[in-house]
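A.B. asks: Generate coordinates for the sequence data below:
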Amino acid sequence: MVQTGVAELVPDPDVSEAWTLFLNGVAQSHVDLNDPMLIAFDYVRRMVDVIDSLADPGPIEVLHLGGGAMTLPRCLAAMRPGCLQRVIEVDRDLLQLIMERLPLDGSSLIEAVVGDAAHELESAPANSYDVIVVDVFQGAKVPEQVCTPEFVEAAARVLRDGGCYVANIMEIGR
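C.D. replies: Okay, the predicted model is just below:
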């Protein structure tokens, strides 16, 4: 059990050291600890492609709002060594589970902390990130507080000139 429900890490039967994170029975993340650039979920692959095509070459600074199994931060750390990344995850128990069972590579510059996405974005300094990734869910829905004009304006304030804002806005049942 985690704060947001029931979390289960299921080993990938086809890939050694790869895992799928399920929250409340729904697949949330897939991560390959041996090859973090191997991305199983199409939406994450698209986020990687967007970031890689829009961000300047080399290390970048990324704010991730929502962490899951840290698939995207791990991938960016492998693709762009030296990336500084801050991951905000609202669920303390989930974050602890991931850090214990699927630890980050010790050489990655990923800081993972417990916090609220909207609050963290609001309190972030202006012009402090090259990329902001929003991948936050409550069940199968994106929380309303990350879909407001004020939230997007806060993201624009925090992004550097030419920065990239990427959001997973999937919604089931519309």
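
A.B. asks: Quick check: beta-bridge partners of His30?
C.D. replies: Taking DSSP bridges, one finds Thr20 as the beta-bridge partners of His30.

A.B. asks: from what I can see it touches Gly68, true?
C.D. replies: No. Look at His30 against Gly68 with CB atoms under 8 Å: they stay out of range, at 9.4 Å. (Glycine included, C-beta is placed from N, CA and C.)

A.B. asks: can you pull the contacts of the residue most central in space within the chain?
C.D. replies: Centroid-nearest residue in the chain, with CA atoms, centre = their mean: Gly67, separated by 4.1 Å. If you count contacts by CB atoms under 8 Å, 6 or more residues apart in numbering, Gly67 has them with 73, 87-89, 94-95, 98, 112.

A.B. asks: what do you get if the cut-off is 10 Å, keeping everything else the same?
C.D. replies: By CB atoms under 10 Å, 6 or more residues apart in numbering, Gly67 lies in contact with 29, 73, 87-91, 94-95, 98-99, 110, 112-114, 133, 135-136.

A.B. asks: Filter the residues you listed down to the buried ones, PyMOL style.
C.D. replies: In PyMOL, a selection of the buried entries from the contacts of Gly67 looks like this (16 or more other CB atoms under 10 Å):
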select buried, resi 29+73+87+88+89+90+91+94+95+98+110+112+114+133+135+136
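
A.B. asks: so what strands line up beside the lengthiest strand in the chain?
C.D. replies: Assignment by DSSP state E gives strand 159-167 as the longest strand of the chain. Here strand 159-167 is paired, per DSSP bridges, with strand 129-134 (parallel).

A.B. asks: Skip ahead from the lengthiest helix in the chain and say which helix or strand is next.
C.D. replies: Counting residues, the longest helix found in the chain (DSSP state H) is helix 42-54. Where DSSP states H and E defines the elements, the next helix or strand beyond helix 42-54 is strand 61-65.

A.B. asks: any idea of the angle that following strand forms with strand 159-167?
C.D. replies: Compare the direction of strand 61-65 with that of strand 159-167 by axes from the mean of the first three to the mean of the last three CA atoms, to 10 degrees and you get 40 degrees.

A.B. asks: Run me through the strand neighbours of strand 61-65, direction for each.
C.D. replies: Next to strand 61-65 in the sheet, as set by DSSP bridges, lie strand 84-89 (parallel), strand 129-134 (parallel).
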